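Q: sequence unknown, structure follows:
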Ligand SMILES: Nc1nc2c(ncn2[C@@H]2O[C@H](COP(=O)(O)OP(=O)(O)OP(=O)(O)O)[C@@H](O)[C@H]2O)c(=O)[nH]1
Ligand SMILES: [Zn+2]
């Protein structure tokens with residue numbers, strides 16, 4: 001019995017990396033019966049008489065599990081955000097930060113296309129970056145795109161981690177990955193194509209070794225992802241609200257209509273970002289208005 005990690009899945013084959021080499025495996029018959037599908041990123045116990053004919057025997061407990069892309073044990077989400085005035089959106093950024101927090105994945109914010117900004121707009125982005133740092137997020141926002149220090153910071157975050165890259169189409173995800181690993185040659189625009197293929201086409205998902213870590217070759221989530229949480233839980237995914245809410249008068253305060261709310265007081269005092277609070281309200285409404293889907297009894 002060997003222990004390794006699934007690095008690629010394609011048409012029912014799982015390529016498992018162990019002891020410096022790759023083994024092509026299939027899942028044992030009883031996985032299907034038990035409706036367990038091995039995922040890329042899974043740490044597995046397997047047998048392999050030869051590197052071409054292995055069998056996955058057991059999946060070790062997953063730390064995290066994403067649906068899009070279907071990858072287990074992701075622990076870092078690199079959120080690529082285009083900072084130009086036409087593209088920049090704190091709403092989309094906060095949405096992705098909530099989605100990562102719900103999935104239990106640590107974010108790294110990468111502000112892209114800063115070279116296209118005027119000095120004034122760049123200063124605005126820096127101010128915002130500082131506000132996000134104050135919340136506790138790591139933010140990369142350098143004047144020169146893909147500077148040595150920006151790339152070094154991403155590489156340091158990647159080492160020993162399993163990452164997904166997120167961000168709207170055209171944000172700069174492939175370009176960043178190509179800079180991190182020259183020779184990777186991801187066609188720009190390629191990442192999203194993988195997502196857009198029809199549901200029934202077998203899709204390859206793989207983890208690419210970069211800077212001592214692994215990066216999924218398919219980007220994470222979609223910008224339209226509906227939050228799969230209750231509205232009153234949303235506050236738990238805004239770290240600055242969590243810290244303040246101990247001082248809210250009411251237990252379970254959702255910081256909207258309650259009196260003596262520490263979050264609203266901080267908002268009025270300019271101590272938290274107004275954009276974060278507005279986005280919070282909008283997400284809250286989105287969740288509230290979400291149609292409840294009841295599962296039919298069979
Ligand atoms: N000036 C400038 N252009 C950039 C930067 N990052 C990306 N671009 C350009 O923006 C365009 C889109 O970049 P991609 O890397 O393909 O974006 P993506 O997020 O991978 O997009 P999808 O694959 O469609 O999801 C390309 O033309 C890039 O050359 C940057 O930091 N500065
Ligand atoms: Zn409150």
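A: Looks like it arrived, so ask away. Just so we're clear, the structure is a prediction, and the values are computed from it rather than from any experiment. Ligands and ions are numbered 1, 2, ... in the order given.

Q: Now for residue 6, how many residues are close by?
A: By other CB atoms under 10 Å, the residues close to residue 6 number 27. Where C-beta positions appear, they are placed from N, C-alpha and C, glycine not excepted.

Q: no wait, residue 263
A: Residues near residue 263, counting by other CB under 10 Å: 27.

Q: Flag the shaky bits of this structure, pLDDT-wise.
A: Low-confidence segments of the chain, defined by pLDDT under 70: 185-203, 222-226, 291-298.

Q: Just the helices from it, written as ranges.
A: Under the criterion DSSP state H, the chain carries helices at the ranges 29-33, 90-103, 119-135, 148-158, 173-180, 190-196, 239-244, 262-268, 274-289.

Q: could the ones you listed go into CSV alongside distance to residue 19?
A: Output for the helices of the chain, formatted as CSV (distance: least, CB to CB, whole Å):
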stretch, distance to residue 19
helix 29-33, 23
helix 90-103, 30
helix 119-135, 40
helix 148-158, 22
helix 173-180, 26
helix 190-196, 29
helix 239-244, 40
helix 262-268, 51
helix 274-289, 45
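
Q: I'd like to know which of those helices is closest to residue 113.
A: helix 173-180 (9.2 Å; CB to CB).

Q: other SSEs contacting the closest one?
A: Contacts defined by 3 or more CB pairs under 8 Å, 6 or more residues apart in numbering; DSSP states H and E place helix 173-180 against strand 76-82, strand 106-112, helix 148-158, strand 162-166, helix 190-196, strand 205-210.

Q: again, only this time at 7 Å
A: With contacts taken as 3 or more CB pairs under 7 Å, 6 or more residues apart in numbering; DSSP states H and E, helix 173-180 sits against helix 148-158, helix 190-196.

Q: quick one on the thing from earlier: dump the helices of the chain into CSV; add distance to ligand 2 as well.
A: Putting the helices of the chain into CSV (distance: least, CB to the ion, whole Å) gives the following:
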stretch, distance to ligand 2
helix 29-33, 46
helix 90-103, 17
helix 119-135, 17
helix 148-158, 32
helix 173-180, 36
helix 190-196, 37
helix 239-244, 7
helix 262-268, 4
helix 274-289, 11
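
Q: Of the ones you listed, which is nearest residue 69?
A: helix 190-196 (8.2 Å).

Q: any idea how far the residue nearest to residue 277 when sequence neighbours are not counted is from residue 275?
A: Of all residues not flanking residue 277 in the chain, residue 267 sits nearest, at 5.1 Å (CB to CB, 6 or more residues apart in numbering). Going from residue 267 to residue 275 by CB to CB, to the nearest Å gives 11 Å.
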